[in-house]
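Participant: here's my sequence, what's the structure:
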Amino acid sequence: MSKSSGMIWPYAIGISIILIFGACVATIVVATKLPVEKSHTYMMGYHEADASANELVNARIAFDKKYKIEYVTDGISQDNSVIKYRVTNLKSEPVNNAKLKVIITRPNNHKYDQELSNPVVENGIYTFSSVKLPEPGRWDVMAKVNVDKLQRFYNVKADTRAKEVLEY
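Facilitator: Below is the predicted model:
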């Protein structure tokens, strides 16, 4: 048994401790750059949405019993995006008195948030003026719809590189 083979263990243990400590520091740095609290799924902070989760679900159920909302935009592009929604009652009759507030945002980054207001309403279709998106890629299009005293949030994920959208 040689003396040099027993000397490697203290170095291996020391290096592994340093690597584990480095991984912990890297995890903390990455986690602070994308904190959960910055989610604005319901156009409010995470804590406020969490505290009123039951009310938000009940409001959506009440809205869906009387009305239907659809995202009818043909697709978003970086240069010219015209956002459109259709609001109808359950008999497919257009609703022209809804109030819509729309925010277009990047996931986990609110630097490029754009709030849209004053849509043109024609036969239940709410059309917002053209908007220019500063970067290509995925965008969250969040809408808050009020009809009379009923309210619903309708959020979709859209991408400038693809036509498909997904409600979340």
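
Participant: what is the subsequent helix or strand relative to the helix of greatest length in the chain?
Facilitator: Ranked by number of residues, the top helix in the chain under DSSP state H is helix 8-33. Scanning forward in sequence from helix 8-33 by DSSP states H and E, the next helix or strand is helix 46-51.

Participant: list the beta-bridge partners for residue 167.
Facilitator: The bridge-partner assignment for residue 167, based on DSSP bridges, gives residue 156.

Participant: ok, it - contacts?
Facilitator: By C-beta atoms under 8 Å, 6 or more residues apart in numbering, the contact set of residue 167 is 71, 154, 155, 156. Glycine gets a C-beta too; all of them are placed from N, C-alpha and C.

Participant: so the last one touches residue 164, yeah?
Facilitator: No - with contacts defined as C-beta atoms under 8 Å, residue 156 does not count as touching residue 164, sitting 10.0 Å away.

Participant: of the two, who's got more company?
Facilitator: Neighbour count, other C-beta atoms under 10 Å: between residue 156 and residue 164, residue 156 has more, with 18 against 8.
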